[in-house]
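Visitor: heads up, no residue letters with this:
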């Protein structure tokens, strides 16, 4: 998961003209775009909106907005969040395409979006997001790499089911678990309501298994909607993940004939050893398995969950068109499923943003991976990181899923505290919040992590021959 992405932020670079009252006057699109950009960066919303026709339409990762009032409503929040630097203009009569590199004021994180704008009478008639990209910032030559060390071996083999949605962090974690000498991956389930849709998600999972040259790991997908509600990841995020960020993996085999909940239940029921579930996505598949087969709880060793924000802010925010400061994406997507799993009686270790905040993905780690990628798995992760280097360099990504997988293999990487937690299921500004509540489900929560030891462990396992 999940997961701290900015690609769904809406950005529009529009046109206005001093000649708007003179239809025959020749428009200079680049000059007007620069005028718009100046208004945006000075947070002059009135001046920004002067560039739009009354019936303008904007389509971006957050949805479609019709008319100046709707566009203004979403811009009131966005204009306070990021600045923009636009260029690479391609003008064709009454339309233009361009790229904007946007910088989050609070964090310095950067993201890029491509738009096509159509003008009418010197005003923006339509503005459509046609793609995303990751701006690249040069890495300092003085970056000091970490020193690799030997990972601490497990005392016994973990028999694991992985539940993931095939975004960068999850694919990193899957390859880590496939490479770990003391982990036996019994099954992989794809959260169809996560960042990848089912068909590409299954293809990515099969490709990861093929890259690792593993055999006989069944893979299945679950439903593409939450158990309740309509929460979903921004379309732009899903588009990028479905496309595997423009990369490729080896062709895999065939998926299981079972659904994801059926695969989870049958794998646990038929196992001679207790199963550890590592969930890096929405909990829908696991909740459905527990509802249909509650007896499997007795054969679950632990459920490690990347999700939630207990004593820190969430990462679902107005930047993605959602008025919510409390929720983390994996829980927010299906609060009902999370509540079912939390109250199932299964032993649970939650790895929330409280702990992942200690392990940002840094250029230091990137440079170490660049110098230490002796396996296909490490090489592919390096490609993933390079393709998304802008967000790494700006400090916008954490080792969300990677830390969760590593904690499952070495709990000394984190410190823990017991909480009584309630998942807020109701719609509203706290929906999906993992809220400390007297009488809530008793959950062991990772509250901090040892960044240096985690980095060494993660990179070493990836480079095991």
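Guide: Arrived safely. Keep in mind that this is a model prediction, so the values were computed, not measured. Numbers count the residues shown, from 1 in each chain.

Visitor: any idea of the pLDDT on residue 188?
Guide: pLDDT for residue 188: 98.

Visitor: who touches it in this structure?
Guide: Residue 188 is in contact with 161, 162, 163, 164, 174, 205, 209, 217, 218, 219, counting by C-beta atoms under 8 Å, 6 or more residues apart in numbering. To be clear about C-beta, it is placed using only N, CA and C from the backbone, and glycine gets the same treatment.

Visitor: these two touch, right, the fifth one and residue 208?
Guide: Right, residue 174. Yes: using C-beta atoms under 8 Å, residue 174 makes contact with residue 208 at a distance of 5.3 Å.

Visitor: pLDDT below threshold where in this protein?
Guide: Flagging of the chain using pLDDT under 70 yields the residue ranges 1-26, 61-62, 106-109, 136-146, 149-154, 319.

Visitor: show me how it divides into domains.
Guide: Here the domain parsing of the chain from automatic domain parsing is 29-133, 158-462.

Visitor: from those, which stretch is densest packed?
Guide: Ranked by mean neighbour count, those are led by domain 158-462 with a mean of 21 (mean count of other C-beta atoms under 10 Å).

Visitor: mind checking how far that domain is from the chain centre?
Guide: 10 Å (C-alpha atoms, centre = their mean, to the nearest Å).

Visitor: look at the closest residue to residue 427 other than its chain neighbours and tell me its secondary structure.
Guide: Among residues not flanking residue 427 along the chain, residue 229 sits closest, at 6.8 Å (C-beta to C-beta, 6 or more residues apart in numbering). What DSSP: H, G, I helix; E, B strand; the rest coil gives for residue 229 is coil.

Visitor: ok, residue 229 touching residue 335?
Guide: Yes: using C-beta under 8 Å, residue 229 makes contact with residue 335 at a distance of 7.1 Å.

Visitor: host element of residue 75?
Guide: helix 67-78 (DSSP states H and E).

Visitor: can you name every helix or strand that that helix contacts?
Guide: Contacts defined by 3 or more C-beta pairs under 8 Å, 6 or more residues apart in numbering; DSSP states H and E place helix 67-78 against helix 45-49, strand 52-60, strand 63-66.

Visitor: Throw those into TSV and include distance to residue 446, thanks.
Guide: As requested, the helices and strands packed on helix 67-78 are exported to TSV (distance: least, C-beta to C-beta, whole Å):
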stretch	distance to residue 446
helix 45-49	41
strand 52-60	35
strand 63-66	34
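
Visitor: show me the contacts for the nearest residue to residue 222 once chain neighbours are set aside.
Guide: Spatial nearest neighbour of residue 222, excluding adjacent residues (C-beta to C-beta, 6+ apart): residue 260 at 3.5 Å. By C-beta under 8 Å, 6+ apart, the residues touching residue 260 are 163, 189, 190, 191, 192, 220, 221, 222, 285, 288, 289.

Visitor: before we move on, what about residue 135?
Guide: 101, 110, 111, 112, 390.

Visitor: what do you get for residue 296?
Guide: Contacts of residue 296 (C-beta under 8 Å, 6+ apart): 264, 265, 268, 269, 289, 290.

Visitor: distance of the second one from residue 347?
Guide: What that stands for is residue 265. According to C-beta to C-beta, to the nearest Å, residue 265 and residue 347 sit 17 Å apart.

Visitor: likewise residue 171?
Guide: In terms of C-beta to C-beta, residue 171 sits 26 Å off from residue 347.

Visitor: please apply the same query to residue 402.
Guide: Taken as C-beta to C-beta, the span from residue 402 to residue 347 is 22 Å.

Visitor: surely residue 279 meets residue 163?
Guide: Yes: between residue 279 and residue 163 there is a contact at 4.2 Å, judged by C-beta under 8 Å.

Visitor: what residues do those two have in common as contacts?
Guide: Common neighbours of residue 279 and residue 163, counting by C-beta under 8 Å, 6+ apart, are residue 286.

Visitor: who are the neighbours of the helix or strand containing residue 101, in terms of helices and strands?
Guide: According to DSSP H and E, residue 101 maps onto strand 95-104. Helices and strands touching strand 95-104, by 3+ C-beta pairs under 8 Å, 6+ apart, are helix 29-41, strand 82-92, strand 110-120.

Visitor: dump the ones you listed to TSV, plus distance to residue 351.
Guide: Formatted as TSV, these follow (distance: least, C-beta to C-beta, whole Å):
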stretch	distance to residue 351
helix 29-41	37
strand 82-92	28
strand 110-120	25
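
Visitor: isn't there a strand covering residue 420?
Guide: Yes: counting by three-state DSSP, residue 420 is found in a strand.

Visitor: what residues are up against it?
Guide: By C-beta under 8 Å, 6+ apart, the neighbours of residue 420 are 436, 437, 438, 439, 440, 441, 442, 443.

Visitor: among these, which one sits closest to residue 40?
Guide: Taking C-beta to C-beta as the measure, residue 40 sits nearest to residue 436 out of the contacts of residue 420, at 39.1 Å.

Visitor: the closest one and residue 310 touch, don't they?
Guide: Yes: using C-beta under 8 Å, residue 436 makes contact with residue 310 at a distance of 6.4 Å.

Visitor: shared neighbours of these two, anything?
Guide: 419, 421.

Visitor: skipping adjacent residues, who's closest to residue 178 in space?
Guide: residue 212 (4.2 Å).

Visitor: who's residue 445 bridged to?
Guide: residue 350, residue 417 (DSSP bridges).
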